[in-house]
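Peer 1: Below are the sequence and a predicted model for it; my questions follow.
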There are 2 protein chains.
Amino acid sequence: MDATDPDRVVIFDTTLRDGEQSPGISLNTGEKLEIAHQLARLGVDVIEAGFPITSPGDFEAVQAIAREVPGPVIAGLARTHVQDIDAAYNAVRDAARARIHTFISTSDIHITHQLQTTREDVKGQARAAVAHARQYVDDVEFSPMDATRAELEFTAEVVCIAIEEGATTINIPDTVGYTMPQEFIAYLGRLYDLVPGLRDVVLSVHCHDDLGLAVANSFSGVMAGCRQVECAVNGIGERAGNASLEEVVMLFRVREDAHGLTTAVNSREIARTSRMISRLTGYAVQPNKAVVGRNAFAHESGIHQDGVLKERTTYEIMDATEVGLESNSIVLGKHSGRHALRDALEQLGFKVEGNALNAAFKRFKEVADRKKQVTALDLEAIVSDEMRERADAHELAWFEVEAGSRREPLARVAVKMPSGEEAVGESSGDGPVDAIFHAIQKASGTECELRQYTVEAVTEGEDALGQVTVMLRTAGRLATGQGVATDILEASARAYVRALSNALEGAAIREAEAATAEAAVERTPGP
Amino acid sequence: MDATDPDRVVIFDTTLRDGEQSPGISLNTGEKLEIAHQLARLGVDVIEAGFPITSPGDFEAVQAIAREVPGPVIAGLARTHVQDIDAAYNAVRDAARARIHTFISTSDIHITHQLQTTREDVKGQARAAVAHARQYVDDVEFSPMDATRAELEFTAEVVCIAIEEGATTINIPDTVGYTMPQEFIAYLGRLYDLVPGLRDVVLSVHCHDDLGLAVANSFSGVMAGCRQVECAVNGIGERAGNASLEEVVMLFRVREDAHGLTTAVNSREIARTSRMISRLTGYAVQPNKAVVGRNAFAHESGIHQDGVLKERTTYEIMDATEVGLESNSIVLGKHSGRHALRDALEQLGFKVEGNALNAAFKRFKEVADRKKQVTALDLEAIVSDEMRERADAHELAWFEVEAGSRREPLARVAVKMPSGEEAVGESSGDGPVDAIFHAIQKASGTECELRQYTVEAVTEGEDALGQVTVMLRTAGRLATGQGVATDILEASARAYVRALSNALEGAAIREAEAATAEAAVERTPGP
């Protein structure tokens, strides 16, 4: 980070922490690593990689990212407890630049109902936590959670304490998405008045979108003097999510004329990053989503009427190529070899070698047999799909279906169990997908409740790859799985088997966790 | 409208005009009427029902809404041309309260590249248009399109002229989603200085979301003195869409403490309106969308951990029941009769009688045979689906599919043609859906290009109804179709046949239009 440029705004990405806490998202370490590598290519300044105390899986992923992803500062989240901070430190310590981010609520509603303690205790906890974190690292961020609903004077006191103890970034979270642009500017102005030391650290904002104001409030923060914005790709996160990284970044870029502020983000990586997050989390982006929605650019809309688009700027303030939406030139066919595939994947930013390349090549050939052309978008989907395969998981072996409007559907499905043996189940259902899902339950001997089922086309045209996302609940755990195929029934079967596998693996972790009193106490969403 | 309350903000809904211009949306008059009735129940003050000059279908729909939907002001959009204003007037004249909304760009970029004229001509056109509209109605709105990129002084001149000629509402559109909250407040403040007459009319704003600021900019407008906000349900509209009605309304409601402003909207109708718009347009709402997304409320997320939600307000600033998300008590089963169905539909706000009730009952029985319980959400979907059937259209008769991971899929589909005869097609494909789509093309003798294919579950659970949306291009026209069924293949087939039918019908209209020079000149998206 160029700390000397007063117009440079730090982009702090919390896709892997606040974003990943969205219901039903269950990313494994490999997927989180792939996302972190992409965030580094995108050029974010800080990656909040997770909340290490919350689970062994989260700890492992943060540690892997700290060790393997060069470039950005790697941050780990921690409550004010000693164990949280120790876990966060142990997870991020191997990063070239490590940050510990600790938080505690300053609003009375949180202090009373969630923490069930007193303001005095909150001050003490904040002081101890920052001091403890500073023993480990020089880069410590402190957040007074729910600050915008807290008494400003008390929040200022707590912030003073954090700065006294050595916090280098102070982040003001609008945890429940409550504040409004002008109100937030006034709030931060008063905070600067009450806490003179705030001018010696980086002030940050973290805004939620419950009233649709996350980007505007973030921008207001910067107008008030903040130089770090916390955001997430596609705006995912708790409830209505965080400020959208892509909207924040493009606001800085498109309106630099007016405000003079810049970020280090390479906007041409935005479209790819958005697709990756959507695919790996199963969280679709709506067509009218700013910057990354299918219709965000007029040229994507299919309505190229005479006259209107002669001069692009008549109806567009951004160029689609600026966010990486240019039509990609990579196209492979059924005769393309392993070498061509590896080169194409490298151009797309994937380093795939050895067994992974063999597996990707096998899938590529299967897809190329069915599709005339395999495009960059298809390759991204295939590789992401392959990344989801784990040796120890349940896997779809084969399936058969008969269905129609004048008969009951019938499905037979074979599932490869973690033990290696193949189990076959047969079932009817309300429709062929329902029949497949029941057949999988029979084959695996597991009862599940389907919570959500979505299908998206990865690419356009008749022979498009489809991606299915399944969210189900089993063994008390909610989990998602995705599957990609040109056949929607095959994609559905793959997604269901993966969700099942994720849920069962998750359930195992969850039982292990329940043994540690700390983790079992309570769920804290964080700022 | 209570014009005497200075804190009352007029909600102007443009879902049926700017929203309906989103690529691929093709609503018929029946669907538009149903939406308009729901908007009236929601309590919007003004419904912009369409852009009557653009097509005979648009004219017909605006006229039907003006005649049949009581309550809101019904507005029709018109360029400054005489024919536009005449068409708008003839479409809205039968409404109890009719408005003509006319617009012309004041930005040099639009004047030069789109209008290819001069500033003097723009002034003349604005003057003539408002004067002409005022000969017809007392309620005339004028918009200087692309105002936020135009020279403020020139825009002020044009606005002065519009007020001189009798415009009663002046709307400032941020047509390309370019402005920022503080900049917009300053802009409107200067406009008030330059145009003293602005204090005697209603000032309005119309903001687009290209940089994620539509709601914040709309709110800034109100802070600057506007008392009308233009918005669309689910934030649909050109490119990244308009300000989301539900976010604007809930911002007024949740933060009334701070700003004291109110609207007449009944927020409990928000969830249902959002679902209806999503279903009829095929535009999905992303899970992290504020107010109406699946995860917008923590209680929807499936993560009800101890402690956190003991006190709801700890992490929520709105109650889900406030936006109509309370779990609906209506549940029917396979033994429920016609009477029970009609009563349930009435409770849901649908008035269904005679043949429509018979058709709805038949579908209800089919669904009830497959589902244990038919809920309010299912009924909404069934009735919406039935509304899509038209006597003169192509219809799915029956289909059969065999598929699997070890064989090529094979589909046979029968389509009932507009002539009444049944045509059968058979095809293989990349997957069962592809095979069905090709079989439909063969049966109907029409070649289509598939542009988009999405599936959503209408309700939760194993036996959920699925809704499929298909966007295809044929005969030079883009069209969508939706289908609802518990069987995804059946829903896909229904959706494809409807999209095909819509496209062919649209193509017929389009050829008729090409004959009129006026309509063929150019496509103008409007403010």
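Peer 2: Looks like it arrived, so ask away.
Peer 1: hang on, isn't A:Thr263 packed against A:Asp7?
Peer 2: No: taking contacts as C-beta atoms under 8 Å, A:Thr263 lies outside contact range of A:Asp7: 10.0 Å. Quick note: C-beta positions are derived from backbone N, CA and C, even for glycine.
Peer 1: Comparing these two, which residue is more hemmed in?
Peer 2: A:Thr263 (22 against 12; other C-beta atoms under 10 Å in any protein chain shown).
Peer 1: How much space separates that one from A:Arg253?
Peer 2: 8 Å (C-beta to C-beta, to the nearest Å).
Peer 1: so how far is A:Met250 from A:Glu256?
Peer 2: Taken as C-beta to C-beta, the span from A:Glu256 to A:Met250 is 11 Å.
Peer 1: Looking at those two, which one has more neighbours?
Peer 2: A:Met250 (27 against 13).
Peer 1: The more buried one falls within a helix, correct?
Peer 2: Yes: counting by DSSP: H, G, I helix; E, B strand; the rest coil, A:Met250 falls inside a helix.
Peer 1: Chain neighbours aside, what residue packs nearest to it?
Peer 2: Of all residues not flanking A:Met250 in the chain, A:Val291 sits nearest, at 5.3 Å (C-beta to C-beta, 6 or more residues apart in numbering or on different chains).
Peer 1: Next, that neighbour: secondary structure please.
Peer 2: Strictly by three-state DSSP, A:Val291 counts as coil.
Peer 1: Counting neighbours, what do you get for it?
Peer 2: So A:Val291, with other C-beta under 10 Å, has 31 neighbours.
Peer 1: thinking it is in contact with A:Gly324, fair?
Peer 2: No: A:Val291 is not in contact with A:Gly324 according to C-beta under 8 Å; the separation is 10.6 Å.
Peer 1: Need the residues touching each of these two.
Peer 2: Shared contacts of A:Val291 and A:Gly324 (C-beta atoms under 8 Å, 6 or more residues apart in numbering or on different chains): A:Ile270.
Peer 1: Packing partners of the helix or strand where A:Val159 lies?
Peer 2: Using DSSP states H and E, A:Val159 falls within helix A:152-164. Here helix A:152-164 touches helix A:119-136, strand A:140-145, strand A:169-174, helix A:181-194, going by 3 or more C-beta pairs under 8 Å, 6 or more residues apart in numbering or on different chains; DSSP states H and E.
Peer 1: is any part of the first one close to chain B?
Peer 2: No: no part of helix A:119-136 sits close enough to chain B to count as contact by C-beta under 8 Å from any C-beta of the partner chain; the gap is at least 15.1 Å.
Peer 1: Quick check: bridge partners of the closest residue to A:Asp139 other than its chain neighbours?
Peer 2: Spatially, and ignoring its direct neighbours in sequence, A:Asp139 is nearest to A:Arg99 (4.3 Å; C-beta to C-beta, 6+ apart). Counting by DSSP bridges, A:Arg99 is bridged to A:Ala75.
Peer 1: where does chain A have low pLDDT?
Peer 2: Low-confidence segments of chain A, defined by pLDDT under 70: A:1-4, A:298-310, A:326-330, A:372, A:387-392, A:457-464, A:506-524.
Peer 1: quick revisit: hey, which of the helices and strands packed on helix A:152-164 is tucked in deepest?
Peer 2: strand A:140-145 (a mean of 28; mean count of other C-beta atoms under 10 Å in any protein chain shown).
Peer 1: Run me through the strand neighbours of that one, direction for each.
Peer 2: The strands beside strand A:140-145 in its sheet (DSSP bridges) come out as strand A:98-105 (parallel), strand A:169-174 (parallel).
Peer 1: Please compute how far it lies from its chain's middle.
Peer 2: 21 Å (C-alpha atoms, centre = their mean, to the nearest Å).
Peer 1: now swap in stretch A:5-18 and tell me
Peer 2: The answer for stretch A:5-18 is 14 Å, by C-alpha atoms, centre = their mean.
Peer 1: first to last residue in it, what's the distance?
Peer 2: 28 Å (C-alpha to C-alpha, to the nearest Å).
Peer 1: What is the neighbour count of A:Ala320?
Peer 2: Neighbour tally, A:Ala320, other C-beta under 10 Å: 17.
Peer 1: do A:Val468 as well
Peer 2: Using other C-beta under 10 Å, A:Val468 is surrounded by 28 other residues.
Peer 1: Give me the secondary structure label for it.
Peer 2: Applying three-state DSSP: A:Val468 is strand.
Peer 1: Next up, the contacts around the residue nearest to A:Met250.
Peer 2: A:Ser244, A:Glu246, A:Glu247, A:Met250, A:Ile270, A:Ser274, A:Met318, A:Val323, B:Asp210, B:Leu211, B:Gly212, B:Ala240.
Peer 1: do you know how far it is from A:Arg494?
Peer 2: Taken as C-beta to C-beta, the span from A:Val291 to A:Arg494 is 30 Å.
Peer 1: and what of A:Val159?
Peer 2: 49 Å.
Peer 1: Next: A:Glu395.
Peer 2: Counting by C-beta to C-beta, the separation of A:Glu395 from A:Arg494 is 9 Å.
Peer 1: Over to A:Thr54?
Peer 2: In terms of C-beta to C-beta, A:Thr54 sits 28 Å off from A:Arg494.
Peer 1: So between the two, which is more surrounded?
Peer 2: A:Arg494 (26 against 21).
Peer 1: Cross-check the contact I'm expecting between the more buried one and A:Val468.
Peer 2: Yes: the criterion here is C-beta under 8 Å, and A:Arg494 meets it with A:Val468 at 7.4 Å.
Peer 1: Name the residues contacting each of those two.
Peer 2: A:Gln482, A:Gly483, A:Val484.
Peer 1: Can you tell me which of those residues is closest to B:Lys371?
Peer 2: A:Gly483 (25.0 Å; C-beta to C-beta).
Peer 1: ok but the closest one is inside a helix, no?
Peer 2: No: secondary structure of A:Gly483 (three-state DSSP): strand, not part of a helix.
Peer 1: what's the burial count for A:Arg406?
Peer 2: Taking other C-beta under 10 Å as the definition, A:Arg406 ends up with a neighbour count of 7.
Peer 1: Is A:Val229 in contact with A:Ser218, as I believe?
Peer 2: Yes: checked against C-beta under 8 Å, the pair A:Val229 and A:Ser218 is within contact range at 4.8 Å.
Peer 1: Name the residues contacting each of these two.
Peer 2: Common neighbours of A:Val229 and A:Ser218 (C-beta under 8 Å, 6+ apart) are A:Val205, A:Ala243, A:Val248.
Peer 1: neighbour-wise, which of those leads?
Peer 2: A:Ala243 (31 neighbours).
Peer 1: Tell me what angle the helix or strand containing A:Ile440 forms with helix B:432-444.
Peer 2: Assigned by DSSP H and E, A:Ile440 belongs to helix A:432-444. Relative orientation of helix A:432-444 and helix B:432-444, computed by axes from the mean of the first three to the mean of the last three C-alpha atoms, to 10 degrees: 150 degrees.
Peer 1: same for helix A:432-444, what does it pack against?
Peer 2: By 3+ C-beta pairs under 8 Å, 6+ apart, helix A:432-444 packs against strand A:395-404, strand A:410-416, strand A:422-428, helix A:488-514, helix B:488-514.
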